[in-house]
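Participant: Quick one, structure for this:
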Amino acid sequence: MRTITLLFLILGLGLTANGQSNPNEMNECGIFYPNAFSPNRDNTNDEFRVIIQNDCSPITYHLRIFDRYGRLVFESIDPNESWDGEYNGRQVKEGVYLWQLQANYNVPSGSESVRLDERGSLVLMR
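Facilitator: Prediction:
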């Protein structure tokens, strides 16, 4: 088994994160994190959602999205829920937002569950 260690440094917030994952299990789940979306109601890329393929079933799921000041603007424990670019019923500004996903998944091959602790950024465009 090959292990990949990821190190992210997010400037401006002073956050760092370390994580490990098995790339074969990650690929088996087909988890995809879009890096941009445009919630302008044109029915194209209007919502940010984590895309999970290949019948991977979540055991636990916790997605959080933060603005550039570190304020939590979206949170969900439902993998079917998406973010529409609003916070407290109002559209947020265009810009870069940070996301964090902590989850455990059962993989189709029936091996042990996969634990994810991933972070990234996304661009909101209007």
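Participant: Residue 111: neighbouring residues, count only.
Facilitator: 12 (other Cβ atoms under 10 Å). No exception for glycine: its C-beta is placed from N, CA and C like everyone else's.
Participant: How about the one 10 residues further on?
Facilitator: By the other Cβ under 10 Å criterion, the neighbourhood of residue 121 contains 15 residues.
Participant: Next: residue 79.
Facilitator: By the measure other Cβ under 10 Å, the count of residues near residue 79 is 20.
Participant: Need phi/psi at it.
Facilitator: Dihedral pair for residue 79: phi -70, psi -10, per degrees, to the nearest 10.
Participant: next one: the one 4 residues further on
Facilitator: Taking degrees, to the nearest 10, you get phi -100, psi 130 for the backbone angles of residue 83.
Participant: beta partners of it?
Facilitator: With DSSP bridges applied, residue 83 shows beta-bridge pairing to residue 48.
Participant: Counting neighbours, which bits of stretch 115-123 end up buried?
Facilitator: By 16 or more other Cβ atoms under 10 Å, the buried positions in stretch 115-123 come out as 115-116, 118-119, 122.
Participant: Report the backbone C-alpha coordinates of stretch 108-116 in PDB.
Facilitator: C-alpha atoms of stretch 108-116 as PDB (Å, rounded to 0.1, in the frame of the first residue of the first chain):
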ATOM      1  CA  PRO A 108     -17.500  -0.900  -3.000                       C
ATOM      2  CA  SER A 109     -14.800  -3.500  -2.700                       C
ATOM      3  CA  GLY A 110     -15.800  -4.200   0.900                       C
ATOM      4  CA  SER A 111     -12.400  -3.300   2.400                       C
ATOM      5  CA  GLU A 112     -12.100  -1.200   5.400                       C
ATOM      6  CA  SER A 113     -13.700   2.200   5.400                       C
ATOM      7  CA  VAL A 114     -11.900   5.200   4.000                       C
ATOM      8  CA  ARG A 115     -11.400   8.200   6.400                       C
ATOM      9  CA  LEU A 116     -11.100  11.600   4.700                       C
END
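Participant: ok, the residue nearest to residue 115 when sequence neighbours are not counted to residue 34 distance?
Facilitator: Computed as Cβ to Cβ, 6 or more residues apart in numbering, the closest residue to residue 115 that is not its neighbour in sequence is residue 104, at 5.3 Å. Shown here: residue 104 relative to residue 34, a distance of 22 Å by Cβ to Cβ, to the nearest Å.
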